[in-house]
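Q: mind looking at a prediction? Sequence and model below.
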Amino acid sequence: MASRRDLKKKINQFVLADVIDECIYMEEQNPAIADECDKIIDEAVGFYNAMMTKINQAKTKADFKGINDVFIARVDEFVDALNKINA
């Protein structure tokens, strides 16, 4: 089971390094998709804030498992959104 620290690291890596960096790179390569990238960045930041709040409020292993399951589901959604605008 993922610990609080591990979940925070995983979410930081995904949101900050993967999603936001990829959006910034795609904006630099194709300024026409800047609005779509900004929308994804806004969603990613909102997701990050919501997940950090949930992690800080979690008390049991079941809470952490639920948070991890939500995170895994959202990873797929963000990847699909990035692929859609990059196509």
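A: Happy to help now that I have it.

Q: what comes into contact with stretch 48-64?
A: Around stretch 48-64, the neighbours that count as contacts under C-beta atoms under 8 Å, 6 or more residues apart in numbering are 1-4, 7-8, 11-12, 15-16, 67, 70-71. Glycine gets a C-beta too; all of them are placed from N, C-alpha and C.

Q: ok, and for the lengthiest helix in the chain, which residues are buried?
A: Secondary structure of the chain per DSSP state H: the longest helix is helix 61-86. Using 16 or more other C-beta atoms under 10 Å as the test for burial, helix 61-86 gives Phe64, Ile67, Asn68, Phe71, Arg74, Val75, Phe78, Ala81, Leu82, Ile85.

Q: low-confidence ranges, the protein, go.
A: Low-confidence segments of the chain, defined by pLDDT under 70: 1-2.

Q: residues in contact with the residue nearest the centre of it?
A: Centroid-nearest residue in the chain, with C-alpha atoms, centre = their mean: Val15, separated by 3.8 Å. By C-beta under 8 Å, 6+ apart, the contact list for Val15 reads Ala44, Val45, Phe47, Tyr48.

Q: out of the residues you listed, which end up buried?
A: The neighbour count (16+ other C-beta under 10 Å) marks Ala44, Phe47, Tyr48 as buried among the contacts of Val15.

Q: surely the second one and Ala73 touch.
A: I take that to be Phe47. No - at 10.9 Å, Phe47 does not count as touching Ala73 under the criterion of C-beta atoms under 8 Å.

Q: wait, isn't Ala44 in contact with Val19?
A: Yes - the pair Ala44 and Val19 passes the contact test of C-beta under 8 Å, sitting 4.5 Å apart.

Q: residues that sit against both of these two, list them.
A: Common neighbours of Ala44 and Val19 (criterion: C-beta under 8 Å, 6+ apart): Phe78.

Q: that older thread, just the ones of the contacts of stretch 48-64 in helices?
A: Members of the contacts of stretch 48-64 lying in helices (criterion: DSSP H): Arg4, Leu7, Lys8, Ile11, Asn12, Ile67, Val70, Phe71.
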